[in-house]
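Q: I would like the atomic coordinates for the input below:
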Amino acid sequence: MTPIKSLCAAALLALIAPIAAAQTAAKPVKILVGFPPGGGTDAIARVLADRLKDELATAVVVENRAGAGGQIAATTLKAAAPDGATLFLSHDHTISVLPLTMKNPGFDPAKDFVPVAGFATFVNALAVSGGTPAKSLADYVSWVRQQGGKSAVGTPAPASIPEFLVKAVGEHYKLDLVAAPYRGSAPMIGDMLGNQIAAGTGSVPDFIEHHKSGKLRVVAVIGKERQAVLPEVPTFAELGVPGFDDVPFYGLWAPAGTPKAELDRLSAALAKVIALPEVRERLTAMGLTVGFMSGAQLATREAAYSKSWAQIIRKSGFVAQ
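A: Below you'll find the model as predicted:
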């Protein structure tokens, strides 16, 4: 080949190579979050997305589809192509509880979704705003009684575990606690920080930053044991409020019909990401107990959790809306 032909061939290869690489590059992945930016679930999704992009060798973006306790994001996942390019990062509320509290949620997790993998468990908590003098659950109960025995308590979504927690605490202490649902934890916490509402229920990841800064005070958590990130905060069981031992979870779901090979690829990438010391450290600092669950293990856990809460919801007298 003459020098001129060699140069031409090299130039042609230089032009073709980027095109070929683009054609073979992995499709960008979108992670749906059912709550607004600024909340605990959103923060968790962004930590994972930042590292998943390296493991999957493609862009990974977080898309907030806030509203209706994650229902909007869930129906978006249901309508997505089953190609692994759209995932749903969610916890127990949307996957396990919402189908129990709504007559027509618009999706059936067992039929419309397939679990990719679980990556953590967490606990819900009751927190009080800086506008109250309460430093413990007993202090909060006394304060409410001084207000005539009635007070509003924020929840990040209607008909959620935090709402049932409000009901249980009110019944236990014979208080008229009224659940005030918000469109996610971020606006609820905004009102708590502004002393627009005296207390709120939600996940520890939602509250932990403001608890550490002293702007809010977590006074009790669910679960059988105290949390390592909040060793000074007692469990509801310790305080004599029963029925909140089950610990909720976080996981990734894909549309039903997603090929097993794709699910395995995504699951393996998530396992590697949460094993990274810096990722584990960040998630732990948010109040999560990090631990990998395969898709099958996550499905088993979700089924047991749904069964347990179906009994609690039924006993509460709640009627699906």
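
Q: where does residue 87 land in three-state SS?
A: Secondary structure, DSSP: H, G, I helix; E, B strand; the rest coil: residue 87 is strand.

Q: tell me what it is bridged to.
A: Residue 87 has these beta-bridge partners by DSSP bridges: residue 31.

Q: what's the pLDDT at it?
A: At residue 87, the predicted lDDT confidence score is 98.

Q: cool, residue 243 as well?
A: Looking at residue 243, its pLDDT is 82.

Q: surely it and residue 312 touch.
A: Yes: Residue 243 is within contact range of residue 312, at 6.5 Å (criterion: CB atoms under 8 Å). Quick note: C-beta positions are derived from backbone N, CA and C, even for glycine.

Q: domain map for the protein?
A: 26-122+248-316, 124-221 (automatic domain parsing).

Q: among these, which is nearest residue 236?
A: Closest to residue 236 of the domains of the chain is domain 124-221 (CB to CB; 5.1 Å).

Q: measure the closest one end to end?
A: Across domain 124-221, the terminal residues are separated by 6 Å (CA to CA, to the nearest Å).

Q: for the protein, just list every one of the strands.
A: Remark: strands assigned in the chain by DSSP state E are 29-33, 60-64, 86-91, 113-121, 124-129, 150-155, 176-181, 199-203, 216-221, 249-255, 289-294.

Q: I'd like those strands as a markdown table, with distance to residue 233 appended.
A: Output for the strands of the chain, formatted as a markdown table (distance: least, CB to CB, whole Å):
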| stretch | distance to residue 233 |
| --- | --- |
| strand 29-33 | 26 |
| strand 60-64 | 29 |
| strand 86-91 | 20 |
| strand 113-121 | 17 |
| strand 124-129 | 7 |
| strand 150-155 | 17 |
| strand 176-181 | 19 |
| strand 199-203 | 13 |
| strand 216-221 | 5 |
| strand 249-255 | 20 |
| strand 289-294 | 15 |
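
Q: TSV please, covering those and showing distance to residue 264 and mean neighbour count.
A: Conversion of the strands of the chain to TSV gives the following (distance: least, CB to CB, whole Å; neighbours: other CB atoms under 10 Å):
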stretch	distance to residue 264	mean neighbour count
strand 29-33	15	21
strand 60-64	17	17
strand 86-91	14	25
strand 113-121	9	23
strand 124-129	32	26
strand 150-155	37	22
strand 176-181	38	17
strand 199-203	29	28
strand 216-221	35	24
strand 249-255	11	25
strand 289-294	10	18
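
Q: out of those, which comes closest to residue 100?
A: Residue 100 lies closest to strand 86-91 among the strands of the chain, at 14.6 Å (CB to CB).

Q: angle of the closest one against strand 124-129?
A: Calculated by axes from the mean of the first three to the mean of the last three CA atoms, to 10 degrees, strand 86-91 forms an angle of 70 degrees with strand 124-129.

Q: name the residues that touch strand 86-91?
A: 29-34, 41, 44-45, 48, 70, 73-74, 76-77, 80, 113, 116, 122, 203, 248-255, 266 (CB atoms under 8 Å, 6 or more residues apart in numbering).
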